[in-house]
Every structure is written in structure tokens, then in C-alpha cells.
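>>> fold the following, please.
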Amino acid sequence: MKRIAKLFLALAIVASPLTLTSCHVQLLDDDEYYYNDLVNEAVRSYLFYYPNGSNYYQAYNWFYFRYPEATNREFYAFMEAVGNNRYYNWNNHYRQSQDRQISHLVEMAQTLTGEWEGDMTVEYTDDNSGLRKSSRFTANMKFFQYKSSANSLQGNGVEVDTDAQGKTQTLEFSWKINDKGDVYIKYTKSGTVFRLDVNSSNDGFHLGYEQAKGYDTFYGTARSTNTTDVMRFDFARQRPAGSRTSNSLTRASRKASFGAATENDYAKNSVDAVNGLHAR
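Down below sits the predicted model:
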């Protein structure tokens, strides 16, 4: 016998296909009503944080950040509850398109996760002279996904910079990938935010497998969104400690790559850089 239960508030799209607002919905199965404490809690909590709604990607990130161990069915039940109602439903084509984009971004985040090392140059404006300067050093960056969730599009990390004299600085940062595929890195102490443009071929980045080298590389340009700093880097994936296999230099042996940059121009853009560290 079918069980019909009262459900929670949901969000309906009003301004655009990605804008949600509250309404009342029911989730019914042909054979049974699907009820789950995790989904119920998630919807209630989500509506508390976003009483006026959000967009598909924000809802996605919000859910997996708080429920990294959720099943696919729980995720879809949550998204149906906050995004579907009798006035509007994501059609199959739209949903499949969203799923493909989300899958692409998740793979990108998984590729970014790990340890990278190589040369970095930071261009900045000197506070005293007002002149532009460039500092060059070796950087090691470790990217972690929040709560170790393989589905998360954001996380944190730590960077250790070393100059030619052996001086070091350690910087903590957070990172995220937006719905377009741009990568944002925010340094914790200074609050400086850098953006890596996924669609720029001349001033963007490459992340992932590089055919010519046979392993993962990460190079490009990151421009600050709240300062005048510019960060250029040329990294290679580092083999995990204790690993004895060469293919550990690619993420899970996948030969995927992201970003529109087709040429690594780090060397020619760092000619005038002076050895030394610059705090961010």
C-alpha cells in the first residue's frame, strides 16, 4: 500500500531556470514513498540558509559539502525537493545537461586535488615605491577537497614557497571551482583572491595530462580579483609518498585535461623576475 506523507517546503524557479523559490512538493514513487532522514534534514537546513533560493550549482555544492557520504539517490531526492514542483520541473534534457556539466567540474576538481610543485612568479605593486616588481621562487601546493569528498568543487590547501637562498614561507588557502570552470584561490592571511580563467587561451591555464610529457602538469596565469597581483606558475604533479608507479603522476591514471591554454609561456613572462619571496 502506498504511503503518502506531507513533505517540506521546496524551491521553484521564477526569475530564471536556475533561480529557486519556496513552494510545497511531494516526492512519490510508483511503488513507495521515498523518505529519508538525511534528505529531510538537508532540505530543512538548506531552506534555513537560503530562504530566497539559490541556483543549481550552489545547491549542489551546499549539499555535498555537508553530506559528502550521501548516495546518488539521496542527492537526487534533495535536488528534486528543492528544485521541482507542480509549476516547474527541470526537463530531462536540462537535467542531463546539468549532470554532464557537474560531472565535468567534479572531474576537474579531482584532477586539481593533490600535490603540485614547480616555478612560480608573483608580479605586484610595491607599497613604498609604487613600482611593479616580480619575485621568483619554487612553490609546492597541496590541494584538498573539503571533508575528503570526491564530489566537492571546493576545498583548502597549503603552499610552501622556497627561494634560492633556502628561505621559506608557508601560506594557507582555500579554493573553489565555479559553474563555468574558473578556479579561485583565496589566501587565508591576506585575503587576496586569484582567478584562473578556464576559457582564456592567452592568459588562462592548463590542468591535467600533457601529451608531450606523459604526465599531469598545471601551468598558467592567475590574476587577483581584489589586488593588482598576478601569479604565473609552471607545475608538475608530484608522486605520492611511497608510490613506486610512474602513472601516479596522473590523477587516477586518467588522461583528462582542463583549461584553454595551449602553450606554456611561463619562461618568457618571468625573465625580469628577481629571486625572492612575496607574501600573499
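>>> the nearest residue to Lys142 once chain neighbours are set aside: what's it in contact with?
Nearest residue to Lys142, sequence neighbours excluded (Cβ to Cβ, 6 or more residues apart in numbering): Glu115, at 4.9 Å. C-betas here are computed from N, CA, C, even on glycine. By Cβ atoms under 8 Å, 6 or more residues apart in numbering, the residues touching Glu115 are Asn140, Met141, Lys142, Phe143, Arg237, Gln238, Pro240.
>>> so how far is whichever strand in the chain runs longest off the chain centroid?
Ranked by residue count and defined by DSSP state E, the top strand of the chain is strand 132-145. Taking Cα atoms, centre = their mean, to the nearest Å, one finds strand 132-145 lying 18 Å from the centre of the chain it belongs to.
>>> elements contacting it?
helix 92-112, strand 114-125, strand 154-162, strand 230-237, strand 274-275 (3 or more Cβ pairs under 8 Å, 6 or more residues apart in numbering; DSSP states H and E).
>>> what's the shortest one in contact with?
Identification of contacts with strand 274-275 by Cβ under 8 Å, 6+ apart yields Lys133, Ser134, Ser135, Arg136, Phe137, Asp163, Ala164, Gln165.
>>> show me which of those are buried.
Ser134, Ser135, Arg136, Phe137, Asp163 (16 or more other Cβ atoms under 10 Å).
>>> how about the first one: what's its closest non-neighbour residue?
Same thing as Ser134. Ala273 is the one closest to Ser134 (Cβ to Cβ, 6+ apart), at 3.8 Å.
>>> thinking again about what came up before, quick one, which of the helices and strands packed on strand 132-145 is nearest to Asn55?
Nearest of the helices and strands packed on strand 132-145 to Asn55, taken as Cβ to Cβ: helix 92-112 at 10.4 Å.
>>> picking up where we left off before, and the residue nearest to Lys142, how far from Asp229?
Separation of Glu115 from Asp229 (Cβ to Cβ, to the nearest Å): 23 Å.
>>> can you show me the strands along this protein?
Under DSSP E, the chain gives strands at 9-13, 20-24, 114-125, 132-145, 154-162, 168-177, 183-187, 193-196, 205-210, 215-224, 230-237, 257-258, 274-275.
>>> could you check the angle the longest one makes with strand 215-224?
When you say that, I think you mean strand 132-145. 120 degrees (axes from the mean of the first three to the mean of the last three Cα atoms, to 10 degrees).
>>> how much space is there between Asp163 and Ser129?
21 Å.
>>> right, and Ser149 touches Tyr64 too?
Yes. If you go by Cβ atoms under 8 Å, Ser149 and Tyr64 touch, sitting 5.7 Å apart.
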